[in-house]
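>>> here are the coordinates; sequence isn't available:
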C-alpha cells in the first residue's frame, strides 16, 4: 500500500462531559502533528470519524472542523469505526491524490443516554419499540455463543480480568484497578448473562494518526501493510455466533499485507464485551485464550467510534518500541455486524 504512519497521539480515555468535542480533539491533533514533525499548514487532507447520534448534532464533524484543519481543505467524515477512517485515509494517500493526511476519531459516550443512543440503531417500526439496545443484542449473542458449548461465562471472566491487569499499566486506559475473574462473576448482572465487569466502561476521548506516502516517511515510520473490512447481514438475518465478517476482513487485509495474525507479535483486538474476544480470536486463527491486547484493549476503557483507530495507534507505538508486525481489529454495528482488520509493520512490503 506504500502508506506510512508518521504521527500518533491519543487522549486518555475517561468521562469528561463538561468538555465540548473540540476541546477533546484539539490537543490530540496538536500532539499528532508534533509527533510527525509537521504543522497544520502541511496537511493536504483530513479524514474525521464521529457519529451524529453520540455528539447530539447533525454533521458532527462540523463541531471539530476548525481544530482539525478542515477549513478550506479536503475534509471527509466517516460515521463508523475508526479503522474505517484509517482505511479511507490510507486510500487517499495510496491513490496519489493526497500525501500528508490526518485521520482523527472522537466520541463522547458520557454526554448521552447509552440506551437511547444505541436503541436508535434498530428497526424503527418494531424492534426499536421493544426497547432493545446494543447491550440486549450483545446479551442475546453471548447466550447463543455459550449455548453452542465449549466456552462460557467463566472464560469471559478470565478475559476481562487479564484486560484489567494490562489496562492498569496503560496511562491512557480508564481502568486504574485490576479485578479478578471472581470479581467479574460477583459484579451486577446488566442483561443476562452479561455482568457489569464483562463490559467496557463509558468513556470519552480521541485518537489521531498522520499518514504519508513513501516519499515522506520521517525517521521512524510504521507501515500500514494491509487493511480490509466486511459487513455481514442484519442481526436478525444471521447466526449471531458466526464471525464470517471477521474472517472476510482478515482475508482481505492479510492478502494485501502478506502477513497473518500468526506473524504478529502484537495483536490489538477490540471487544466491548469479554465474550466477543472469545469469538474473534479463533476467526483470526488464534487460540481464544491467546495473550492479546497489551494496552488493555477496549475492555480497559475506550469509546466506540474511536476504538479501532486506538487499536491501530497502540499497535503502532509498540512497533516503534521494537515489535515487528502487528494486527489491529475492531468490530462495529449491532452484535458486531461489521469488522475491520489492519496489519502494521516496521518493514515496508
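Yep, it's here. It should be emphasised that the depicted structure is a prediction, and the values quoted were computed from it without experimental measurement.
>>> and residue 224, what does it touch?
Contact partners of residue 224, counting by C-beta atoms under 8 Å, 6 or more residues apart in numbering, are 1, 3, 4, 5, 86, 90, 211, 342, 343, 344. Where you see a C-beta, it was placed from the backbone N, CA and C, and this is true even at glycine.
>>> Ok, residue 329 next?
Neighbouring residues of residue 329 by C-beta under 8 Å, 6+ apart: 83, 246, 249-250, 267-270, 280, 284, 308, 311, 339-342.
>>> let's go with 10 Å and repeat that
For residue 329, the contact set (C-beta atoms under 10 Å, 6 or more residues apart in numbering) comprises 83, 246, 249-250, 253, 261, 267-271, 280-281, 283-284, 292, 308, 311-312, 315, 339-342.
>>> next one: residue 244
Contact analysis of residue 244 by C-beta under 10 Å, 6+ apart lists 230, 232, 233, 238, 283, 339.
>>> Next step: the residues you listed restricted to strands.
230, 339 (DSSP state E).
>>> what about burial for the contacts of residue 244, which qualify?
Buried subset of those (neighbour count, 16 or more other C-beta atoms under 10 Å): 230, 232, 283, 339.
>>> Which one of the residues you listed is nearest to residue 201?
Nearest to residue 201, judged by C-beta to C-beta, of the buried ones among the contacts of residue 244 is residue 339 at 22.8 Å.
>>> Now residue 245: which helix or strand?
According to DSSP states H and E, residue 245 maps onto helix 244-257.
>>> could you say what helices and strands the stretch of helix or strand residue 103 belongs to packs with?
Using DSSP H and E, residue 103 falls within strand 101-108. Applying 3 or more C-beta pairs under 10 Å, 6 or more residues apart in numbering; DSSP states H and E, we find strand 101-108 packed against strand 3-10, helix 21-36, strand 45-49, helix 52-55, strand 74-78, helix 82-94, strand 204-212, helix 307-320.
>>> Just give me how far it sits from the chain centre.
On the basis of C-alpha atoms, centre = their mean, to the nearest Å, strand 101-108 sits 11 Å off its chain's mean C-alpha point.
>>> Stretch 17-24 too?
Mean-position distance between stretch 17-24 and its chain equals 20 Å (C-alpha atoms, centre = their mean).
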